[in-house]
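S.K.: Dropping a prediction and its sequence here:
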Amino acid sequence: NAGVTQTPKFRVLKTGQSMTLLCAQDMNHEYMYWYRQDPGMGLRLIHYSVGEGTTAKGEVPDGYNVSRLKKQNFLLGLESAAPSQTSVYFCASNPSGGYGTDTQYFGPGTRLTVL
Amino acid sequence: EDQVTQSPEALRLQEGESSSLNCSYTVSGLRGLFWYRQDPGKGPEFLFTLYSAGEEKEKERLKATLTKKESFLHITAPKPEDSATYLCAVPLYRGYSGAGSYQLTFGKGTKLSVIP
């Protein structure tokens, strides 16, 4: 099992450009999450999904959109990137034991820089 | 307000010098406390979950303990390869968009450096 994978690993955008980050998991997990990690701020939840076709807002959702068309994939989109979105983005997933209360398994991260 | 606080922010130890990291939380009805290890440039790696006061779990040189208000991650005779940032997380009830749910809320981490 590859676990949780993320593409791309690195990306540099100019202000106003758009991009999509892809998260894939091969563990048949029901719940998936997108976090951002910034120095001094810790990990913060952007959006999450409790199953195929569902999405919900987390702590810092503004400027991001998500989609979960297939159970194994969770996409994070930036429609018009801003320098404040420079961060490291992590995807995570956990099985159906309980979203938010069960062990989450993380991907390797995507480092995004917005100039 | 429910929150998760880790201390110290950074800790430097000599190889073999045992110490403890602290994670304090203020939440009623704890639904688990999670410890993760994060190496530079990588995603958090799950270490332990603790559910009730008095519970302890061990893995190699690490032992996690839990009380009603805090958790400790004890590191015995650390080696340089134990150098990493250690994160703790607690499910907290959040109502971001009208509907509430439990979300894993992370502390800011303790950066551990073990010097040979």
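M.R.: Structure received. Everything numeric here is computed off the predicted structure, so don't read it as measured data. Numbers count the residues shown, from 1 in each chain, chains lettered A, B, ... in the order given.
S.K.: Any stretches of the chain with poor pLDDT?
M.R.: Unless you meant another one, I'm taking chain A. Regions of chain A meeting the criterion pLDDT under 70 cover residues A:96-100.
S.K.: think we crossed wires, I meant chain B
M.R.: Across chain B (using pLDDT under 70), the flagged ranges come out as B:1-2, B:96-100.
S.K.: Geometrically speaking, which residue is the centre of chain A?
M.R.: Nearest to the mean C-alpha position of chain A, by C-alpha atoms, centre = their mean, lies A:Trp34 at 2.7 Å.
S.K.: what's the offset of the helix or strand hosting that residue from the middle of its chain?
M.R.: In this structure, A:Trp34 sits in strand A:31-38 according to DSSP states H and E. Mean C-alpha position of strand A:31-38 versus that of the full chain (C-alpha atoms, centre = their mean, to the nearest Å) differs by 5 Å.
S.K.: for stretch B:101-116, same thing?
M.R.: 5 Å.
S.K.: Ends of that stretch, what's the gap?
M.R.: Separation of the first and last residues of stretch B:101-116 by C-alpha to C-alpha, to the nearest Å is 45 Å.
S.K.: Residues of chain A that sit close to chain B?
M.R.: Within chain A, the positions lying close to chain B (C-beta under 8 Å from any C-beta of the partner chain) are A:4, A:33, A:40-43, A:45, A:48, A:56-59, A:61, A:90, A:92, A:98-101, A:103-109. Where C-beta positions appear, they are placed from N, C-alpha and C, glycine not excepted.
S.K.: Before I go, just wanted to say thanks for your time.
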